[in-house]
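S.K.: Structure for this input, please:
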Amino acid sequence: MPIRLSAAAVAEFLGTFALCFVGILAIHHSAGQGGLLLVALAHGLILVGLVSAAMPTSGGHFNPAVTVGFLITGKIRAMSAGVYILSQALGAIAASLAVYIILGNDESAARAVQAGTPQYNPELVSTAGALVAEIIATGLLVFVIWGTAADPRAKNVAGMAIGIVVAANIMAIGPITGAAMNPARVLGPTVVGSMLPGGTLWSQHWLYWVGPLVGAGIVAIGYHLLFWPRDPARNIDPDAMQVPPSQRP
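M.R.: This next block holds a predicted model:
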């Protein structure tokens, strides 16, 4: 039975909501105990579960950079990609607002949302260095996604593989850039945090779109050209398994 775009949109909303909700709260709690390891495990584990759950419905993108990678390689329709990205953005914003409400609707709750927004410290890393870090980390993530979830030859290990690489990337570049790898993960708390007292989060926001989109685009095109089981001479180009059949061109 074809998967309706509306159902896929709900799955993308829920998955991105869960990623941002768990991620922001994990960062909030990590100040007291657990530190970077807690943050990495929280992001990784929630993706293990949610990607696995959403694979049959939406493919479990939860990330505009991932969706754009499928779009530029011709694996998803433009309209479906737009709906996915809108759903991801709304899920991230809703999650950030939920964290603010749960933590008390006050100044400390506002600070928690703002602290849960990936940012880089210009005193520790240059803008170019932060951009390169996000490009590389997102590229590694997208390579794993294409190899374990999108490729028709892949085994059924996508959720675990994606969660592991996200956790590893956070442990590697989390202290440098916040390890977003995902524009929606930054957009949600930036929108909500900027509306709250002391919110000044937009100045770096561009980097968390450019870095992930560039990294995802390079790797998606590279995987499609170098590793994808395609044969242009015989007009063979399989569909991506992480895109439901009804959302494919």
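S.K.: Sketch out the low-pLDDT regions of the chain for me.
M.R.: The model of the chain has pLDDT under 70 over residues 1, 32-33, 197-199.
S.K.: let's go with 90 and repeat that
M.R.: 1-3, 31-34, 104-111, 121, 123, 155-156, 193-201, 230-237 (pLDDT under 90).
S.K.: That one: helices as residue ranges?
M.R.: Applying DSSP state H to the chain gives helices spanning 5-30, 35-54, 64-72, 78-102, 107-115, 127-145, 158-177, 183-194, 207-226.
S.K.: Quick check: the gap between residue 209 and residue 242.
M.R.: 21 Å (Cβ to Cβ, to the nearest Å). Every residue, glycine included, has its C-beta placed from N, CA and C.
S.K.: Have a look at those two and say which one is more surrounded.
M.R.: It is residue 242, of residue 209 and residue 242, that has more neighbours when counted by other Cβ atoms under 10 Å, with 26 against 17.
S.K.: The more buried one and residue 56 touch, don't they?
M.R.: No. Contact criterion Cβ atoms under 8 Å: residue 242 and residue 56 do not qualify, at 10.8 Å.
S.K.: Report the contact partners of residue 124.
M.R.: When contacts are counted by Cβ atoms under 8 Å, 6 or more residues apart in numbering, residue 124 touches residue 176.
S.K.: and the closest residue in space to residue 61 that isn't next to it in sequence, how many neighbours?
M.R.: Of all residues not flanking residue 61 in the chain, residue 67 sits nearest, at 4.9 Å (Cβ to Cβ, 6 or more residues apart in numbering). When counting by other Cβ under 10 Å, one arrives at 28 neighbours for residue 67.
S.K.: try residue 97
M.R.: Count around residue 97 with other Cβ under 10 Å applied: 17.
S.K.: Any figure for the gap between the closest residue in space to residue 207 that isn't next to it in sequence and residue 144?
M.R.: Take residue 207 and drop its neighbours on the chain: the residue closest to it by Cβ to Cβ, 6+ apart is residue 131, 5.6 Å away. Noted for residue 131: a distance of 21 Å to residue 144, by Cβ to Cβ.
S.K.: Residue 238 too?
M.R.: From residue 238 to residue 144 the distance is 19 Å (Cβ to Cβ).
S.K.: again with residue 209
M.R.: 21 Å.
S.K.: what do you get for residue 157?
M.R.: 10 Å.
S.K.: Show me which of those two is the more surrounded one.
M.R.: More crowded of residue 157 and residue 144, by other Cβ under 10 Å: residue 144, with 21 against 14.
S.K.: these two touch, right, the more buried one and residue 165?
M.R.: Yes. Using Cβ under 8 Å, residue 144 is in contact with residue 165, at 4.6 Å.
S.K.: I figured residue 214 hits residue 135, correct?
M.R.: Yes. Contact criterion Cβ under 8 Å: residue 214 and residue 135 qualify, at 5.2 Å.
S.K.: Just want to know which of these two has more residues nearby.
M.R.: Applying other Cβ under 10 Å to residue 214 and residue 135 shows that residue 135 carries more neighbours, namely 21 against 17.
S.K.: okay, now residue 48: neighbour count?
M.R.: Other residues near residue 48 come to 18 when the count uses other Cβ under 10 Å.
S.K.: Was I right to think it contacts residue 163?
M.R.: Yes. Residue 48 is within contact range of residue 163, at 3.6 Å (criterion: Cβ under 8 Å).
S.K.: hang on, the earlier thing: quick one: the helices of the chain as TSV, columns for distance to residue 247 too.
M.R.: Formatted as TSV, the helices of the chain follow (distance: least, Cβ to Cβ, whole Å):
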stretch	distance to residue 247
helix 5-30	6
helix 35-54	13
helix 64-72	9
helix 78-102	4
helix 107-115	32
helix 127-145	16
helix 158-177	17
helix 183-194	18
helix 207-226	16
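S.K.: closest one to residue 200 among the ones you listed?
M.R.: Nearest of the helices of the chain to residue 200, taken as Cβ to Cβ: helix 183-194 at 7.3 Å.
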